[in-house]
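[1] heads up, no residue letters with this:
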């Protein structure tokens, strides 16, 4: 049976334990995702407390991270989501995403509504990909793909 949390503290504490175990084991997020058999973005989000893992995935990553049965059970609970608590984020990387939405949020909204109509892009039926590519002008670029299902507004 699937259970849900109402307090994010337990998952936040587990995320700290996961990152510590990942560091001690010299593991990558990709290695953990490969063990889970799921995408690196989903598994990373789950291990940082934002998704529930299926039982087999929870057991697989727990084995790599040397986590106990309580952690396996907790990894399978539906979390209280939200990884950026109140206000403007202070971490520079997270802040830049905040800044991107401040600058392009209304543009994204306008383009989505023009192309799809009144509705939203799902963050539940969603895929995320992050790739590093060479910049032809020198250096590297980040290509971030946000792929969410469109859900139309339905009058009732």
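    Yep, it's here. Everything quoted here is computed from the prediction, not taken from an experiment. Numbering: from 1, shown residues only.

[2] CA only for contacts and neighbour counts going forward, please
    Fine.

[3] how many other residues sit next to the closest residue to residue 119 other than its chain neighbours?
    Distances taken as CA to CA, 6 or more residues apart in numbering place residue 152 nearest to residue 119, at 4.0 Å, with adjacent residues excluded. Number of residues near residue 152 (other CA atoms under 10 Å) recorded here: 13.

[4] how about residue 152, phi and psi?
    Dihedral angles phi and psi of residue 152 (degrees, to the nearest 10) take the values phi -70, psi 150.

[5] Who are the contact partners of it?
    With contact set as CA atoms under 8 Å, 6 or more residues apart in numbering, residue 152 has these partners: 116, 117, 118, 119, 120.

[6] Count the residues that sit near the second one.
    Pointing back at residue 117 there. 14.

[7] what's near enough to touch it?
    By CA under 8 Å, 6+ apart, the contact set of residue 117 is residue 152.

[8] now swap in the first one and tell me
    By CA under 8 Å, 6+ apart, the residues touching residue 116 are 150, 152.

[9] neighbouring contacts of the host helix or strand of residue 11?
    In this assignment (DSSP states H and E), residue 11 forms part of helix 9-24. With CA under 8 Å, 6+ apart as the test, helix 9-24 has contacts from 28, 47, 48, 49, 65, 66, 71, 74, 75, 79.

[10] and if you look at stretch 57-73?
    For stretch 57-73, contacts defined as CA under 8 Å, 6+ apart pick out 14, 18, 21-22, 25, 32-33, 35-38, 55, 75-76.

[11] With that, I have no additional questions.
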